[in-house]
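Participant: Model the following, please.
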Amino acid sequence: MVCEFELSKATEINASPSVVRDALLNFSDLPNWSQFIKSIEVTNAPESNTDAKPDKGPLVGSGLKVEITGMTFYPVVVSNTPEKFSWHGKLLGDWFFGGTHFFKFEELPEGKCKLTHGESFKGVLFPLYNKLKGAELSNAFGLFNDAIKKKVEADQ
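Facilitator: Below is the predicted model:
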């Protein structure tokens with residue numbers, strides 16, 4: 001039996017979705033304000049196709065090296081649009097443990113952004129992982145959202 005579950009936290013930010021997305025995709029600045037995501041580095045990128053090239057950040061299919069408090073992993077970018085940035089990683093295949101980490105940027109009235117930060121998990125290992133780390137991870141998503149909110153609102 002393969003289990004599926006999603007953890008996420010949403011935060012309203014007094015900045016436009018593009019400003020919030022720009023702050024996230026400025027990987028070199030992450031260590032200056034994020035306690036959760038320590039670094040993101042593009043390790044390889046597919047050949048560019050002008051139709052598929054995002055306005056900012058890595059191409060879909062790019063490999064990443066992501067350092068999060070307590071671990072380093074190597075996911076692949078699966079979405080990079082003005083509305084969503086996400087990557088997917090797995091351990092021994094999705095059937096065992098896989099996750100798609102996402103950031104959604106929703107435009108709100110008055111030039112604000114609703115940032116939803118989360119992860120969709122699946123695999124037989126997920127129930128154990130959720131029991132051991134679920135609350136901690138959900139809290140970390142909220143702390144990251146608070147940090148990016150503080151950063152972009154201070155920069156305005």
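Participant: what are the ranges of the strands in this structure?
Facilitator: For the chain, the strands defined by DSSP state E occupy 4-13, 37-44, 63-68, 71-73, 76-81, 84-91, 97-108, 112-122.
Participant: how many neighbours does the nearest residue to His117 once chain neighbours are set aside have?
Facilitator: Excluding the flanking residues, the one nearest His117 by CB to CB, 6 or more residues apart in numbering is Phe141, at 4.7 Å. The way it works is simple: take the backbone N, C-alpha and C, and place the C-beta from them, glycine included. Using other CB atoms under 10 Å, Phe141 has 22 other residues around it.
Participant: What of the one 4 residues further on?
Facilitator: Taking other CB under 10 Å as the neighbour definition, Asn145 ends up with a count of 22.
Participant: Please apply the same query to the one 3 residues further on.
Facilitator: Neighbourhood size, Ile148 [other CB under 10 Å]: 25.
Participant: Val60 too?
Facilitator: The burial count for Val60: 19, using other CB under 10 Å.
Participant: Same check on Phe102?
Facilitator: Counted with other CB under 10 Å, residues neighbouring Phe102 total 19.
Participant: picking up where we left off before, how about the residue nearest to His117, what does it touch?
Facilitator: Contact partners of Phe141, counting by CB atoms under 8 Å, 6 or more residues apart in numbering, are 7-9, 36, 117-119.
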